[in-house]
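> quick check, what structure comes out for this input:
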Amino acid sequence: MRPLFCALLVLVCAAPASAQFAIGGQVGDPTGLSLKFGDGSGSAILAIGWDLDESVSAEGHYLLRQRRLQGSRTASLFYGPGLFVRTGGPRDDFGVSLGVGLEADIAPEIEIYGLVSPRLQIVEETDFDLGAGLGLRLKL
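Model (predicted):
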């Protein structure tokens with residue numbers, strides 16, 4: 001459980017002090033709560049979820065780049081490095097990931113997104129995995 005708290009602390013500290021905040025839900029891996037600190041490049045996104053095997057997982061990314069799609073006012077492409085952790089299941093996993101996704105505002109205070117994140121597991125064993133999620137967040 002200690003890596004989960006470390007990952008959360010890193011992401012919260014990386015968010016700008018005057019950051020916009022968004023909260024919502026995500027289906028995928030992980031399925032659960034979705035948070036966003038900031039807006040555009042330099043923001044941090046976090047998904048915390050649970051699985052039927054009673055494991056808890058979290059994945060967070062620091063957005064290095066977010067760019068509007070040509071011809072669109074609200075849709076943008078984003079990517080950035082991240083960390084993931086899964087604990088409480090048959091084994092504990094921890095590693096690095098790269099988040100790549102699309103985001104769009106469907107209303108001034110509501111955003112939808114899709115994210116794919118290739119993962120390199122480095123704790124317990126070395127392995128490659130692919131995470132993905134679709135979600136909706138309310139900007140506060």
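> tell me how far the residue of the chain most remote from its centre lies from Val100.
Distance from the C-alpha centroid of the chain, by Cα atoms, centre = their mean, peaks at Gly71 (26.0 Å). Distance, Gly71 to Val100, using Cβ to Cβ, to the nearest Å: 20 Å. (C-beta placed from N, C-alpha, C; glycine too.)
> do Lys139 as well
Distance check for Lys139 against Val100: by Cβ to Cβ, it reads 22 Å.
> which residues does Gly49 bridge with?
Beta-bridge pairing of Gly49 under DSSP bridges involves Gly32, Ser57.
> verify the contact between it and Gln26 for me.
Yes - Gly49 is within contact range of Gln26, at 7.1 Å (criterion: Cβ atoms under 8 Å).
> those two - which one has more neighbours?
Comparing Gly49 with Gln26 by other Cβ atoms under 10 Å, the one with more neighbours is Gln26, at 25 against 21.
> and for that one, nearest residue in space, chain neighbours not counted?
Nearest residue to Gln26, sequence neighbours excluded (Cβ to Cβ, 6 or more residues apart in numbering): Gly135, at 3.5 Å.
> list the contacts for the one you found?
Neighbouring residues of Gly135 by Cβ atoms under 8 Å, 6 or more residues apart in numbering: Gly24, Gly25, Gln26, Val27, Gly28, Ser34, Ala47, Ile112, Tyr113, Gly114, Leu115.
> now do the helices in this protein.
2-14 (DSSP state H).
> the strands in the chain, which residues?
21-28, 32-37, 44-50, 56-62, 65-68, 75-87, 93-107, 110-123, 127-139 (DSSP state E).
> make a markdown table from the ones you listed and add mean pLDDT to it.
Below are the strands of the chain laid out as a markdown table (pLDDT from 0 to 100):
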| stretch | mean pLDDT |
| --- | --- |
| strand 21-28 | 95 |
| strand 32-37 | 94 |
| strand 44-50 | 92 |
| strand 56-62 | 92 |
| strand 65-68 | 90 |
| strand 75-87 | 93 |
| strand 93-107 | 94 |
| strand 110-123 | 94 |
| strand 127-139 | 93 |
